[in-house]
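In: how does the following fold in three dimensions:
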Amino acid sequence: MIASVFLGIVGHLSFAQIVQQFFGSLLAEKTIAVLLTLYLMSLYEVFLRRSGALTRLTQNFIKLLGDYRLTSAVMPAVMGLLPSPGGARFSAPLVAETLAHSNVPDQEKAFINFWFRHIWEPILPVYPGTLMAAMLIGISPGSMAQLNWYIPIIMIVIGWLLVFGFSMPSIRFQKPNWIEILLDLGPLLAVIVAGVLIKSDFTVPTAILLACLFIYLRQYKHLPSMISLTKEALKWKMLAVIPAVYFFAAVLTATGGDKAVASSLAAMHLPNIIFFIVLPFAISLITGLTQAGVGTALPLLMGLTTPSNRVAMLNLAFVFAFAGVMASPTHLCLILSRDYFQAKAGALYNKLIMAVTVVSIFPIIFILF
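Out: Numbers count the residues shown, from 1 in each chain. The predicted structure is shown next:
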């Protein structure tokens, strides 16, 4: 926020113009939609956790899959449908319990918990960075999912090969409680489907609100008071990032800073694709936040795009912001996973860097060919 005000002053905006940019970005539909989405998603996660639905889901998936290796990967992936700061801490005990009698090393348990939890981030609008990227690029969350559909598949394959090699899972189906699975997971799946199919800024928050109401009405006897639940879901630091990012983007455009940055980068006489890879990757790597890489890099890089390649190039920048976060030692989920399993940092990071490197090759190939 302070950087945005400083940029406005350096860019010769008057105090009134800076205030106008602030309130204009704060009250914009896309800002309100993202804020509602993030808060309601946090509330939904609190409802599921407090009602015991997450525990039921775990037990049912263990019954359904049978193979402990497959279950250990599926559980953090299921939990990853509910993004929350430090959410890897919720799935870590489930991974530990599933692999308790296996010979899987601690660093690989930490890798499983961290890696498979984040396979959905490039495509799901319930993640702050993904939703922010779609809004900045000017496309719907559904279009974002269509652009990046292949990344979760590659992450699943690479993650499995690095931990379990070419040994395929041996699924032994048992009969889970399908009613419980449907009632506990169904509302979230409906949110995801609505976000992909219905192109509106307020589709996702509206769908999450309905999902919250469904869970609350079904489980209210097992939940604390609504006041305590809403307080628990309120994460000011996470929410404050959103208006700050949009304010920065608005001031950057109003001062012509985006064009100035684009001119400076172009003067280096390097292929533009390098900037779309390095800048968002470096910012996310340092901060450990996808939204930091997205919110800082995308507005700066817009000036290097043309109408014909804007969506593709800015999406590439988003993918590398995500890659930077996955490789970041400051990523909270990675720190929590490493600490929970007492994993050796060197072995864990080596495997992580290999995985991120392989996954990052594919979007470059797709953009070039």
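In: surely Leu26 touches Ala250?
Out: No. The pair Leu26 and Ala250 fails to qualify as a contact (Cβ atoms under 8 Å) at a distance of 9.5 Å. C-beta coordinates here come from the backbone N, C-alpha and C atoms, glycine included.
In: could you tell me the end-to-end distance of stretch 136-148?
Out: Its start and end residues considered, stretch 136-148 measures 16 Å (Cα to Cα, to the nearest Å).
In: what average pLDDT does it get?
Out: Taken as a whole, stretch 136-148 has a mean pLDDT of 90.
In: again with stretch 306-315
Out: 93.
In: now it: buried residues?
Out: Buried positions in stretch 306-315, judged by neighbour count with 16 or more other Cβ atoms under 10 Å: 310-311, 313-315.
In: Val294: helix or strand, and which one exactly?
Out: Here Val294 is covered by helix 290-301, with elements defined by DSSP states H and E.
In: what packs against that helix?
Out: If you count contacts as 3 or more Cβ pairs under 8 Å, 6 or more residues apart in numbering; DSSP states H and E, helix 290-301 packs onto helix 128-137, helix 236-255, helix 257-266, helix 272-287, helix 310-326.
In: what angle do the fourth one and helix 290-301 make?
Out: Orientation check (axes from the mean of the first three to the mean of the last three Cα atoms, to 10 degrees): helix 272-287 against helix 290-301 gives 150 degrees.
In: keeping just the C-alphas, turn helix 272-287 into CSV.
Out: Taking Å, rounded to 0.1, in the frame of the first residue of the first chain, the C-alpha atoms of helix 272-287 are listed here in CSV:
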residue,chain,number,x,y,z
ASN,A,272,10.4,-11.1,-23.9
ILE,A,273,9.5,-14.6,-22.7
ILE,A,274,12.5,-14.4,-20.3
PHE,A,275,10.8,-11.6,-18.4
PHE,A,276,7.5,-13.5,-18.2
ILE,A,277,9.4,-16.5,-16.7
VAL,A,278,12.0,-14.9,-14.4
LEU,A,279,10.1,-11.9,-12.9
PRO,A,280,7.0,-13.7,-11.4
PHE,A,281,9.2,-16.8,-10.5
ALA,A,282,11.7,-14.7,-8.5
ILE,A,283,9.0,-12.7,-6.7
SER,A,284,7.1,-15.8,-5.6
LEU,A,285,10.3,-17.6,-4.7
ILE,A,286,11.3,-14.8,-2.4
THR,A,287,7.8,-14.2,-0.8
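In: between helix 310-326 and it, find me the angle.
Out: When the same axes, to 10 degrees is applied, the directions of helix 272-287 and helix 310-326 differ by 30 degrees.
In: can you tell me what sits against helix 272-287?
Out: 265-266, 290, 292-294, 296-298, 300-301, 304, 313-314, 316-318, 320-325, 327-328, 330, 364, 367-368 (Cβ atoms under 8 Å, 6 or more residues apart in numbering).
In: of those, keep whichever come out buried.
Out: Using 16+ other Cβ under 10 Å as the burial test, these include 265, 290, 292-294, 296-298, 300-301, 304, 313-314, 316-318, 320-325, 327-328, 367 as buried.
In: distance of the residue of the chain most remote from its centre from Ile179?
Out: The centre of the chain is farthest from one residue, Ser14, which by Cα atoms, centre = their mean lies 36.1 Å away. Going from Ser14 to Ile179 by Cβ to Cβ, to the nearest Å gives 62 Å.
In: swap in Leu13?
Out: Note on Leu13: its distance to Ile179, by Cβ to Cβ, is 58 Å.
In: compare the two (neighbour count), which wins?
Out: Under the criterion of other Cβ atoms under 10 Å, the comparison of Leu13 against Ile179 puts Leu13 first, with 18 against 9.
In: so, low pLDDT: which residues of the stretch 51-200 of the chain?
Out: Low-confidence segments of the stretch 51-200 of the chain, defined by pLDDT under 70: 84-87, 89-90, 171-173, 196, 199.
In: can you map out the helices along it?
Out: Taking DSSP state H, counting those that start in this stretch as the test, the helices found in the stretch 51-200 of the chain are 53-65, 68-79, 88-98, 106-117, 128-137, 141-147, 150-164, 178-197.
In: between these, which gets nearest to Tyr39?
Out: Closest to Tyr39 of the helices of the stretch 51-200 of the chain, according to Cβ to Cβ: helix 128-137, at 10.9 Å.
In: centre of the chain to the closest one, how far?
Out: Relative to the centre of its chain, helix 128-137 is centred 10 Å away, using Cα atoms, centre = their mean, to the nearest Å.
In: try stretch 109-117
Out: In terms of Cα atoms, centre = their mean, the centre of stretch 109-117 is set 15 Å apart from its chain centre.
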